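Chemist: no sequence for this one, just the structure:
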């Protein structure tokens, strides 16, 4: 009797949260995707300045400053868009998750607040990586379309 009453009280809440989960997934992807996309758009404004930044500030291992600048800009322009629309969502989240780690390692001058932001973005990307992009994504739509045939 008590269990039934408890279920009657909690079921609407659980159903409401389940209904909102895809919106939260999309919000998460939008938030972190826009952060990386804005960074890429800033870099592409002046590749000369971006290359100088990679020569003087960032210490990317194994790559020349020019290659790192172009590769970093490419990653920040392409993969956030894929993440936002949810196309190859888990792969995009993985690439940005690894990119985020390299960014923290490569910038020794990063202040504690910057480290904290990167940790938050990493956690957001990890959620998408492990959970998937959700129902409001091209991955979900294409998956439903492909499974019909």
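Modeler: Perfect, thanks for sending it. The structure presented is a predicted model; accordingly, all values stated were derived computationally and were not measured. Numbers count the residues shown, from 1 in each chain.
Chemist: alpha carbons only for contacts and neighbour counts from here, please
Modeler: Fine.
Chemist: helices or strands up against the longest helix along the chain?
Modeler: Longest helix in the chain by number of residues (criterion: DSSP state H): helix 2-45. Contact partners of helix 2-45 among helices and strands, from 3 or more CA pairs under 8 Å, 6 or more residues apart in numbering; DSSP states H and E: helix 47-56, helix 65-85, helix 112-131.
Chemist: please redo it, this time with the cut-off set to 7 Å
Modeler: helix 65-85, helix 112-131 (3 or more CA pairs under 7 Å, 6 or more residues apart in numbering; DSSP states H and E).
Chemist: report the mean confidence score over stretch 110-118.
Modeler: Averaging pLDDT along stretch 110-118 yields 96.
Chemist: buried residues in that stretch?
Modeler: Buried positions in stretch 110-118, judged by neighbour count with 16 or more other CA atoms under 10 Å: 110, 118.
Chemist: let's have the helices and strands packed on helix 2-45 in JSON lines, adding distance to residue 15.
Modeler: Compiled in JSON lines, these are given as follows (distance: least, CA to CA, whole Å):
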{"stretch": "helix 65-85", "distance to residue 15": "25"}
{"stretch": "helix 112-131", "distance to residue 15": "19"}
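Chemist: of these, which is nearest residue 22?
Modeler: helix 112-131 (11.1 Å; CA to CA).
Chemist: contacts only, for residue 88.
Modeler: 82, 139 (CA atoms under 7 Å, 6 or more residues apart in numbering).
Chemist: against residue 39, how distant is it?
Modeler: Distance, residue 88 to residue 39, using CA to CA, to the nearest Å: 21 Å.
Chemist: below-threshold pLDDT in the protein: ranges please.
Modeler: 148-149 (pLDDT under 70).
Chemist: one more time with 90
Modeler: 1-18, 59-62, 108, 144-149 (pLDDT under 90).
Chemist: picking that back up, of the helices and strands packed on helix 2-45, flag the one that's most buried.
Modeler: helix 65-85 (a mean of 20; mean count of other CA atoms under 10 Å).
Chemist: and the contacts of that helix?
Modeler: Contacts of helix 65-85 (CA under 7 Å, 6+ apart): 29-30, 33-34, 36-37, 39-41, 43-44, 50-51, 54-55, 60, 88-89, 92-93, 96, 137-138.
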